[in-house]
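compute the structure for the input listed below.
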Amino acid sequence: MGADGILSKVRQFILSNVELFYLGDVVWRGIVEDNSFCPEGNFFVYVRSRGIYSNFFHIGGGRTHWGFFIEKERTESEIGKLQPTNITIPPEELAKLPEDARKLIESTPLENIVCRFSYDIDPLPKIYNGRVILIGDAAHAKSSTRARGMTSGWEDGLYLAKHLANSANIPEALENFQTKRLPIVLVGVVDGACLPSLSGNHGGFAPTRIMQMI
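Predicted structure coming up:
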């Protein structure tokens, strides 16, 4: 089973030459203690009208997960890399958020923050071959603006377990899993690629690519 992320090594046993598509963003994600800003059951989004994008959602245990996105051209040395050279959130960009949201991000311990370029991959025509199967970002990496990557991976695991338990054999289970999941994850990948960007680097400004997906 390939659950090894967007740079999956297992994926080559199903499809070769799968390329990453840069979505034009650097994203910082963090988890922070929070008992007031984002109550349980809430998902807050600050859209790109000011050149930034940010989301916040409650994950239980008095903690909030947040994402902060800015548009960035990669330098020549950064092309193909997962992380920018400078991983510090630009204070002038963070200042575009409302004060309460900005302060929550600023209160996050550095060890709880990760910084990455935002990539996806084109939808795969298949996610298994023989007894090898892909789940999560290895199978359907998408823009993290919707905060659906991790939950999609969990859903893959749950559905795969269900089909393995209810099918006559493993080949039947994998075929049933693929038949059910591929249309669902396609929607998520296309939805993320369609999100607008002011810079014009985002997948939403590549209509030919979107049409090829669907």
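
what packs against the strand or helix carrying His65?
Assessed by DSSP states H and E, His65 sits inside strand 63-71. Contact here means 3 or more Cβ pairs under 8 Å, 6 or more residues apart in numbering; DSSP states H and E; on that basis strand 63-71 packs against strand 20-33, strand 52-60, helix 99-106. C-beta here means a position set from N, CA and C on the backbone, and glycine is covered the same way.

between those, which one is nearest to Leu174?
Relative to Leu174, the nearest member of the helices and strands packed on strand 63-71 by Cβ to Cβ is strand 20-33, separated by 25.4 Å.

quick one: buried residues of that closest one?
Phe21, Tyr22, Leu23, Gly24, Asp25, Val26, Val27, Trp28, Arg29, Gly30, Ile31, Val32 (16 or more other Cβ atoms under 10 Å).

likewise stretch 6-22?
Applying a neighbour-count criterion of 16+ other Cβ under 10 Å, one finds Ile6, Ser8, Val10, Arg11, Phe13, Ile14, Val18, Phe21, Tyr22 buried in stretch 6-22.

which of those residues fall in strands?
Phe21, Tyr22 (DSSP state E).

biggest separation within the buried residues of stretch 6-22, which pair?
Farthest pair in those (Cβ to Cβ) is Phe13 and Tyr22. Separation: 25.2 Å.

how near is Gly60 to Lys81?
Counting by Cβ to Cβ, to the nearest Å, the gap from Gly60 to Lys81 is 33 Å.

skipping its backbone neighbours, what lies nearest Ser107 in space?
Val32 (5.9 Å; Cβ to Cβ, 6 or more residues apart in numbering).

partners of that neighbour in the sheet?
For Val32, the beta-bridge assignment (DSSP bridges) gives partners Thr64.

need the pLDDT of it.
Confidence at Val32, expressed as pLDDT, is 98.

just the one 5 residues further on next, same as before
Confidence at Phe37, expressed as pLDDT, is 95.

cool, and Ala139?
pLDDT, Ala139: 89.

cool, Met150 as well?
71.

which residues touch it?
Contact analysis of Met150 by Cβ atoms under 8 Å, 6 or more residues apart in numbering lists nothing.

what strand or helix carries it?
Using DSSP H and E, Met150 maps to helix 149-166.

quick one: that helix to chain centroid distance?
17 Å (Cα atoms, centre = their mean, to the nearest Å).

tell me what angle it forms with strand 63-71.
120 degrees (axes from the mean of the first three to the mean of the last three Cα atoms, to 10 degrees).

which of the residues in helix 149-166 are classified as buried?
Buried residues in helix 149-166 (16+ other Cβ under 10 Å): Gly149, Ser152, Gly153, Glu155, Asp156, Tyr159, Leu160, His163.

confidence-wise, which of the residues you listed comes last?
Gly149 (65).

which residues are contacting stretch 119-133?
Contacts of stretch 119-133 (Cβ under 8 Å, 6+ apart): 1-2, 6, 10, 13-15, 18-23, 82, 134-135, 139-143, 160, 170-171, 174-175, 177-178, 181-182, 185-186, 189-190, 192-193, 203, 209, 212-213.

let's go with 7 Å and repeat that
Stretch 119-133 is touched from outside by 1-2, 6, 10, 13-15, 18, 20-23, 134, 139-143, 170, 174, 178, 182, 186, 189, 192-193, 203, 213, with contacts defined as Cβ atoms under 7 Å, 6 or more residues apart in numbering.
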